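Engineer: starting from these lines, generate the structure:
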Amino acid sequence: MSDLNAGVCLGLRRRRIATVLFAGLLCGSMCAQTVSHDLVVKMVANENLAEQHRDHYLYLSQERSERTGGHLWTERVAETSAGKVRMLIAEDGQPLAGGRLAVERVRLADIAAHPDVFEKREQALRNDERHAKDMLELLPKAFLFDSPSMEGSFTLIHFKPNPAYEPQSLEERILHAMTGSVLIDPVVRLHRIEGRLPEDVNIGFGLIATIKAGSNFSTTRDRAAGNEWKTAVLDTDITGRAIFFKAIGKKEHAERSDYKLLPIDMTVAQAVAMLEQ
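Structural biologist: Residues are numbered from 1 along each chain as shown. So this is what the prediction gives:
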């Protein structure tokens, strides 16, 4: 065989090897993404199933947000079917006393006397974990996933927007622009979800609203009594501007602990009485 023919054969052989290696790498990457996608789909299904059979809990909450006026509020919180009944017990580390405590008891008495008004108000305020829930619903259809990795006993999966997905609302457009990660428990329940905007999101070419790069949220959950997963840490930091350059934003940090099961049929009045004990 001439040197020319030998060189051609060697070149063809190297191309075949390179093609096989590339195909193997491509298959491996796609298989890993499929594993991640299937695990996320199963996790979301488990969360939706658990949402249909939720227990009620009493817990301790520490929160700093717009709701608290930037102060650190320590509250005892009782969950009911009508909403979360909260009793403020300390502000910035100082227990409530005197007139401030009396005002809080009057507020609770009004809640017990008018549970229907309380329920309507709660329905309008049930959005503290909405971003995490909305993101969960979007995950399987609107994002691409990296290969899974381990973080202790948890499975860590990073996600990024799927350019083929068309957001169905303004809120979806903002969520779909986020990159982030999910941390999944060995029993395929959500332990943590994080999302962050890597760049500004302009709505109406920025004339209607702009959500600033760096806006983010994070929710961490742990297993509570009754084998249910409850929020342990909640962080939200959304900044931007709306039409006519009005500033918009939401900044919240909350930690919840000491979860105890409550009767599923506890009324608002019963929750108030328990909190005041």
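Engineer: tell me the pLDDT at M87?
Structural biologist: On the pLDDT scale, M87 is placed at 98.
Engineer: just confirm it is within a strand.
Structural biologist: Yes: under DSSP: H, G, I helix; E, B strand; the rest coil, M87 falls within a strand.
Engineer: count of residues packed around it?
Structural biologist: M87 is flanked by 20 other residues according to other Cβ atoms under 10 Å. C-beta here means a position set from N, CA and C on the backbone, and glycine is covered the same way.
Engineer: that one contacts L108, correct?
Structural biologist: Yes: counting by Cβ atoms under 8 Å, M87 does reach L108; the two are 6.2 Å apart.
Engineer: find residues that contact each of these two.
Structural biologist: Overlap of the contact sets of M87 and L108 (by Cβ atoms under 8 Å, 6 or more residues apart in numbering) consists of V272, L275, E276.
Engineer: which among the residues you listed gets closest to G99?
Structural biologist: Among the shared contacts of M87 and L108, E276 lies closest to G99 (Cβ to Cβ), at 16.9 Å.
Engineer: all strands of the stretch 101-250 of the chain, in order?
Structural biologist: Assigned by DSSP state E, counting those that start in this stretch, the strands in the stretch 101-250 of the chain fall at 143-145, 149-151, 154-161, 179-184, 190-196, 201-203, 209-211, 216-224, 228-242, 246-262.
Engineer: on that earlier part again, looking at the shared contacts of M87 and L108, which are in helices?
Structural biologist: Counted as lying in helices by DSSP state H, out of these, are V272, L275.
Engineer: how about the shared contacts of M87 and L108 in JSON lines, adding pLDDT and distance to L190?
Structural biologist: Putting the shared contacts of M87 and L108 into JSON lines (pLDDT from 0 to 100; distance: Cβ to Cβ, whole Å) gives the following:
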{"residue": "V272", "pLDDT": "97", "distance to L190": "32"}
{"residue": "L275", "pLDDT": "96", "distance to L190": "29"}
{"residue": "E276", "pLDDT": "93", "distance to L190": "34"}
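Engineer: Throw the shared contacts of M87 and L108 into a markdown table and include distance to E119 and neighbour count, thanks.
Structural biologist: Shown next, in a markdown table, are the shared contacts of M87 and L108 (distance: Cβ to Cβ, whole Å; neighbours: other Cβ atoms under 10 Å):
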| residue | distance to E119 | neighbour count |
| --- | --- | --- |
| V272 | 13 | 23 |
| L275 | 17 | 19 |
| E276 | 20 | 13 |
